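Asker: Whatever this is, show me its structure:
(4 chains)
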Amino acid sequence: MTPAAVPPDRWLELAPLQLRDWVTGFLPASLQWLATGLITIVAILAVFGLLFAYLTLAERKILGRIQNRPGPNRTGWFGLLQPFADGVKALTKEDVVPRQADPVLHYLAPVVLVALSLLGFAVIPFGRHLVAVELDAAVLYFFAAGAATELAIFMAGWASRNKYALLAAMRALAQLISYELPLLLAFVPVVMLAGTLSTTAIVAAQGGWTLGVLPHWFVLTPWGFAGFVIFMIAALAESNRSPFDLPEAESELIAGHLTEYSGFKYALFFMAEYFGMCALCGMAVTLFLGGWQAPCAALECIPSYAWFGAKLLTLLLGFIWIRATLPRLRMDQLTRLAWKFLVPLALINLGTAAFWSLTAGWTGGLQLVRWAVALALVAGPFVLLGRRLSRGVAPRVYRYASS
Amino acid sequence: MLGTGLLQGLAVTAKNLVGSFHDPARLPTLEYPEVQPQLPEAYRNFPFLVSESAEDPMGTLRCVACQICEKECPPQCIYIEKSKDKKPDAAGKQQIFPAVFVIDTSVCMSCQICVEVCPFESIKMDQVFAIATTERFGSLLLTREQLAKPNSYYHQIHPTEAAEVDRRLAADRQAAEDKAKAAAAAKSAAPTPPAKPATGGPAA
Amino acid sequence: METVEQIRDRLLARFPGATVEVRSNPSPSGQHSLLLGAATAREIAQFLRDDPALRLDQCSNVTGVDWPEKEVVETTKTTVPDPAGGPAKVVEQKSRRLEPGCLEVVYHLYSIALRHGPLVLRLRTGNRTDQVTLPSLTPVWRACEFQEREVFDLFGVRFEGHPDLRRILMWDGFQDHPMRRDYVEPDDYEWEPTPHGAVLAKAKRHYPAPAPAAKP
Amino acid sequence: MSAPDSSFLAPPAGSQVRAVHDEFHGDLLEVSMGPHHPSTHGVFRMIVTLDGETIVKLKPVFGYLHRNHEKLGENTSYLASMPYTDRLDYLNSMTNNWAYALAVERLAGLAVPARAEYLRVILAELTRLLNHSCLAGFLLQDCGCSGTPLMYAFREREKILDLFESLSGSRMMCNFQRFGGCRVDPSADWLAGVQQLTDGYGAFLDEFEALLTGNEIFMARTQGVGRLAAPLAISAGVTGPVLRASGVAHDLRKVDGYGAYPQFDFRVPLGDHGDTYDRYMVRILEMRESIQILRQALARLPDGPIMDPKAKLRGFRPKAGEAYGRIEGPKGEIGFYLISDGSPNPYRYRVRPPSFINLTILEDLCLGHTVADAVIILGSVDIVLGEVDR
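Answerer: From the prediction side, this is the model:
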């Protein structure tokens, strides 16, 4: 593609691709496919590596602000060099391996974890033309790759030969397997409605606007909203974030499966956690928030990857906000929430989505009926199951001594 | 309904996040080395010895080495050796003075019991805020010379308390002088020596 | 609440043969105590807890007191009639008596139900060396569990019937009982240049003067 | 220790595996939580035997901070023990001071002037606010709140500490009460500062409660966890908010009526379930009552001296005898038992440490719960290791 062929209003949109093509243009044609792939990988690593670095800083700053303190502000301007200082510190720290630990597994666990958590990025469409691999079964691939991270966490817990790490590994397995199910069930309606497993096609299915301002994102439908909320709760649990941070529950298990890790291995775990979080949020954006689509027609001039980034950051900020507020669940409550609340809700949501899809032809007054029924199908089970879930737990009234 | 409590909590944290940018009550952090804290007047940390003048601190120490503080000090961090000779104090009276007065600040817990029990207003609490030394032992052992600070310094850190102390000391001195005068007058009035020795003794 | 004397009388009536003495307290606090014999202490404690007029359901404080043996000098004056028939002489005889030491355990009892107290109970061991066993009151008040362990740890009183009599504040291998008045600190002193005499003296003990170098 | 160290991982060659095996439940896991564990509130250790994650045995181990405070007290004069009491429960130095001063006043028969009694009440209630705020923060931190409630609690605690500092010269080691009164008479500015704090504290409590009291996760974590039955609580000598959360109306401010407390109008909140949530809520409600007491005390603070003229600093030698004085500290009944033999040093100096005795029931509370619960149960019992280990 030569610059001349680009429409003048789309050049920003296509700039990343052109940059890549310009670089690969220097290579012989037989190597260009390899260079293209490598450049894509490097770009993802660079962008999300930086995002990870600054996300840690943003998290600490926002947590600090929420807790009425300024957060890190000494390293560089506004603390902007803090992530690099942390990185240097992690690199220069002694790498302690317990004598009793299984050295191979202990070493492999963080490496495998990072590698697996990066796999998911391959199929997320970051922009209109920015997707590393176009797969027909992209969603399936994404969740298969994501599920494999559990192995690495268990590996870390088992190989450390530490009782806390082992407890944490057990918790991690139970938690991740429990939440795999609502996570999967939550996106099935999307696949049903979009009729495809390909992420690019799913984003395309959410294109267009009503009256030019109301986007056709799935989250703006009753079933889509419910699916989105279930997906996000499950995503919180899958990425071991508060209030589901049981495997590394600081106040209970010291650092859980990370207890015996130090230095750069510890940093790798951290990195993997943030990569996993970014990947899941990216998938949530793709499935429910219209991917790279602009929220209204007038704003289409802004390149699509910027929209994707903005949506991704919003979700990540939500994660940080939730972390700053909520206490942690207990193991049995965690699994109960998954199996007795999220899974039934997700199953009912399948029905809601089916209803929505069947009534796609309804117009006029029937449109209102369609919305009312769908909303009832979402809200009713939520209230009923919620009441069941929180039975016996309520605010109390206290009495005072008579004298 | 399930979730209302969670949302309420999220609202509170959001309020604090926004509030930290415009409400000083929600961002009370002091950026320490640049912004020094305002110490209240009562703030106390480590004792010092009051001397009357800044020029000759060793000559004008109020301390008369009575060793009450040494005895009362809970962690026993004060060590005093009395002088063999006497030296005139600020009021001109011959007094014993501390030949050695050391405070081990690695043991001192700044409880100010020594200040309270001192009958001569000679040991007071300092206001050392940032304490750091480069070595563990020597520089934490404060000698008489390091401990002596002039009365003007005392006025500077604890103005109200110091003024009160000065008033009290002046009143004591006045009373002692009056007494001495009265005794002298009585002596001159009745030249015959009294049968028993004077009862009052030096006002301490 | 009844006075200590009344309680003693009731106890003596209820438990004939038990030793119950009133120890009066001269201080303005006026908290007099009952000295119980070890043999019936637990029955009496049970009675004090369950008696409807007392209902001392809370054992607030348990502690030990060490009374080392001390020499008492008693002066006795005897009037000795002069064999020669003169006026009777007053002879002062000084006798030194070693008052045996003991370990004492003090219990402060209160009633939450009736809101009164304290009733102070005291138990005494036979001596400070080999007869240091007392009945545990943990079966009566659970509050004694840790506190009796503490008394065992710091004073060395053995409580019979305590469910789990181990050291509590000191570590398991520790030998002595630090709250006894004749306790000597082990020489695990780390020297620091501190001016105080006692500390210096201790440092000197710890680091005795170096032996003169052997002459070649 | 009752059981040897065990590990169900393959042991190194030559070591013995403990044969605790049950074909239905598998092996038990013995975990030593502490002494360096993030949520044991200091150097405290719990040897926990787990079946899965359920606790089947729990043995508290402490003494890591033991410095034989009582022996120190017997080797120094009465006055010199006062600054040491600050360091028992270092959050509540003011109430520790008061309890010790009360015991000595009983021993020596000193009377405290009315103004000093009011001052003591003001300082004790400020201490209660401070302690309970911190406790709520720590408890929520143990529940996994990433520090937010703790920082809010510390923000308010800071204001109280500033008041303590400007009155006594030190933030935590106040060393303020004296036998027969108080050391410093506060200025009008200081009293205005207390008034301002009192007026603002209710709003803080409202916000704090909005943050988490109604939070479903918090309620699920704490309600029904670590139930303490009233008879056990009484028998085990448990005092303070933990006892009142079990429904026993026992507040020494009402029962003993020491100090100026009978002149104030306040209520004593009681819990019905005796679980962790009740222990948390009772403290929150107590803080609201403390605000009421502070209002009344500030409004009615009498003028007059702050020291008993009979009291003397130097050469204080109470007559032979003994006395036990106790007050309602924020953590429970803090008492001092003194025996005097007429010398300048007490013959016996004993502290009745509330958090030490409240730990008696820790195992009973934790049995059958999980590790995660043990952490918050310990948090709700409210211990300070400076006082437990002494």
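Asker: helix, strand or coil for residue D:282?
Answerer: Assigned with DSSP: H, G, I helix; E, B strand; the rest coil, residue D:282 falls in the helix class.
Asker: swap in residue B:49?
Answerer: Following three-state DSSP, residue B:49 is assigned to strand.
Asker: Does it have any beta-bridge partners, and if so which?
Answerer: Note on residue B:49: beta-bridge partners by DSSP bridges are residue B:123, residue B:148.
Asker: OK, now which residue of the stretch 101-250 of chain A is nearest to chain B?
Answerer: The nearest approach of the stretch 101-250 of chain A to chain B comes at residue A:243, 9.0 Å away (Cβ to the nearest Cβ). Heads up, the C-betas are built off the backbone N, CA and C, glycines and all.
Asker: Show the backbone phi and psi for residue D:137.
Answerer: With angles defined as degrees, to the nearest 10, residue D:137 sits at phi -60, psi -50.
Asker: Let me fix that, I meant to ask about residue B:102.
Answerer: phi -120, psi 140.
Asker: Run a quick neighbour tally on it.
Answerer: 20 (other Cβ atoms under 10 Å in any protein chain shown).
Asker: Identify the residues contacting it.
Answerer: For residue B:102, the contact set (Cβ atoms under 8 Å, 6 or more residues apart in numbering or on different chains) comprises B:78-80, B:141-144, C:195.
Asker: do residue B:98 as well
Answerer: Contacts of residue B:98 by Cβ under 8 Å, 6+ apart are B:61, B:63-65, B:80-83, B:144.
Asker: what about 7 Å?
Answerer: Contact analysis of residue B:98 by Cβ atoms under 7 Å, 6 or more residues apart in numbering or on different chains lists B:61, B:63, B:65, B:80-83, B:144.
Asker: Kindly provide the distance from it to residue B:53.
Answerer: Distance, residue B:98 to residue B:53, using Cβ to Cβ, to the nearest Å: 17 Å.
Asker: my guess is residue C:119 contacts residue C:56, does it?
Answerer: Yes. Counting by Cβ atoms under 7 Å, residue C:119 touches residue C:56, with 5.8 Å between them.
Asker: Show me which of those two is the more surrounded one.
Answerer: residue C:56 (29 against 21).
Asker: if I read this right, the more buried one contacts residue C:121, doesn't it?
Answerer: No. Look at residue C:56 against residue C:121 with Cβ under 7 Å: they stay out of range, at 9.2 Å.
Asker: which neighbours do those two share?
Answerer: residue C:109.
Asker: List of residues touching the host helix or strand of residue C:12?
Answerer: Using DSSP states H and E, residue C:12 sits in helix C:4-14. By Cβ under 7 Å, 6+ apart, the residues outside helix C:4-14 that reach it are C:18, C:20, C:22, C:32, C:34, C:44, C:47, C:119.
Asker: do stretch A:96-111 as well
Answerer: For stretch A:96-111, contacts defined as Cβ under 7 Å, 6+ apart pick out A:152, A:155-156, A:158-162, A:260, A:262, A:265, A:268-269, D:12.
Asker: which of those residues are buried?
Answerer: For those, a burial check counting by 16 or more other Cβ atoms under 10 Å in any protein chain shown picks out A:152, A:155-156, A:158-162, A:260, A:265, A:268-269.
Asker: so residue C:103, which of the three states?
Answerer: In three-state terms, and counting by three-state DSSP, residue C:103 is strand.
Asker: what's near enough to touch it?
Answerer: By Cβ under 7 Å, 6+ apart, the contact list for residue C:103 reads C:64, C:66, C:125, C:128, C:132, C:155-157.
Asker: Could you check what's spatially nearest to it, not counting adjacent residues?
Answerer: Spatial nearest neighbour of residue C:103, excluding adjacent residues (Cβ to Cβ, 6 or more residues apart in numbering or on different chains): residue C:125 at 4.5 Å.
Asker: That neighbour against residue C:152, yeah?
Answerer: No. Taking Cβ under 7 Å as the definition, residue C:125 is not a contact partner of residue C:152, at 11.8 Å.
Asker: Spell out which residues are contacts of both of these two.
Answerer: Counting by Cβ under 7 Å, 6+ apart, no residue touches both residue C:125 and residue C:152.
Asker: Okay, now the unreliable bits of chain C?
Answerer: For chain C, applying pLDDT under 70 flags the ranges C:189-200, C:202-203, C:206-216.
Asker: just the residues of it that are near chain D, which are they?
Answerer: Residues of chain C lying close to chain D (Cβ under 7 Å from any Cβ of the partner chain) are C:25-29, C:31, C:57-61, C:63, C:65, C:108, C:112, C:115, C:118, C:141-143, C:145-147, C:168-171, C:178-179.
Asker: Turn the buried ones among the residues you listed into a named PyMOL selection, would you?
Answerer: Command for PyMOL, covering only those of the residues of chain C next to chain D found buried under the criterion 16+ other Cβ under 10 Å:
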select buried, chain C and resi 25+27+28+29+31+57+58+59+60+61+63+65+108+112+118+141+142+143+145+146+147+168+169+170+178+179
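Asker: Which of the residues of chain C next to chain D fall within strands?
Answerer: Among the residues of chain C next to chain D, the ones falling in strands (DSSP state E) are C:58-61, C:63, C:65, C:108, C:118.
Asker: Give me the residues contacting the next helix or strand after the helix holding residue C:12.
Answerer: Per DSSP H and E, the first helix or strand lying C-terminal to helix C:4-14 is strand C:20-23. Outside strand C:20-23, the residues that touch it by Cβ under 7 Å, 6+ apart are C:4-5, C:8, C:11-12, C:32-36, C:122.
Asker: can you list the domain ranges for chain A.
Answerer: For chain A, the structural domains run A:30-92, A:98-385, going by automatic domain parsing.
Asker: which one is the residue most central in space within chain C nearest to, not counting chain neighbours?
Answerer: Central residue of chain C (Cα atoms, centre = their mean): residue C:104, 2.3 Å from the mean position. Sequence neighbours aside, residue C:65 is the residue nearest to residue C:104 in space, at 4.4 Å (criterion: Cβ to Cβ, 6+ apart).
Asker: tell me the contacts of the one you found?
Answerer: Applying Cβ under 7 Å, 6+ apart, we find residue C:65 in contact with C:104, C:106, D:339, D:348.
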